[in-house]
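# the following comprises the amino acid sequence and a computationally predicted model.
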Amino acid sequence: MVNEISFNCEDAWLNLFVGGDLYPVQVKTLMNPSTCGTFFRDVVKVSDAAIKVRGVQWETSPNHIKYRVDIDRDGLLFRHVLQYLRNGKQTSLPDDTYTLEALVGEADFFGLEKYREMLKKKLWKLTGKRQYYACYSDSD
């Protein structure tokens, strides 16, 4: 059964429980039009009347964490995803190719196409591998 809650303002806070790590975040961060991905557009629905969040755990959640959305992904990698959601193109990217490749998978999962392109451009610059070339542009 999918639970749902309504908020009347984008300043409301949710707790994203990702891979055992807790990330408090405002609804407006998840719904930022310049960074929002398809995953969060499916979880958070904004209408004139209210903001509805589905898949939320309420009083019965472990550790009694209210307004919690459970996401079965790597909690450490999600730190980078959340940084992108908050900062957009100003996000710093790691120099570690393994982490960058793992983050490409996270960007795919969360439907963050612009973030995915940023990651692949960085991978191209670090490795020169052909599979990342399609995202490279000299103007960036």
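Yep, that arrived.
# low-confidence ranges, this protein, go.
Applying pLDDT under 70 to the chain flags the ranges 1-2, 55-65, 130-140.
# centroid-nearest residue for it?
Centroid check for the chain by Cα atoms, centre = their mean gives residue 81 as the closest residue, at 4.7 Å.
# how about the strands in this structure?
Here the chain has its strands, by DSSP state E, at 4-7, 13-18, 21-26, 44-46, 51-54, 56-57, 68-71.
# mind putting those strands in CSV, mean neighbour count and distance to residue 120 included?
C-betas here are computed from N, CA, C, even on glycine. Shown next, in CSV, are those (neighbours: other Cβ atoms under 10 Å; distance: least, Cβ to Cβ, whole Å):
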stretch, mean neighbour count, distance to residue 120
strand 4-7, 14, 35
strand 13-18, 20, 23
strand 21-26, 14, 25
strand 44-46, 16, 27
strand 51-54, 17, 31
strand 56-57, 18, 33
strand 68-71, 20, 23
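# those: which one's closest to residue 102?
Of all the strands of the chain, it is strand 13-18 that lies closest to residue 102, at 13.8 Å by Cβ to Cβ.
# for the closest one, packing partners?
Under the contact definition 3 or more Cβ pairs under 8 Å, 6 or more residues apart in numbering; DSSP states H and E, strand 13-18 sits against strand 21-26, helix 27-30, strand 68-71, helix 75-87.
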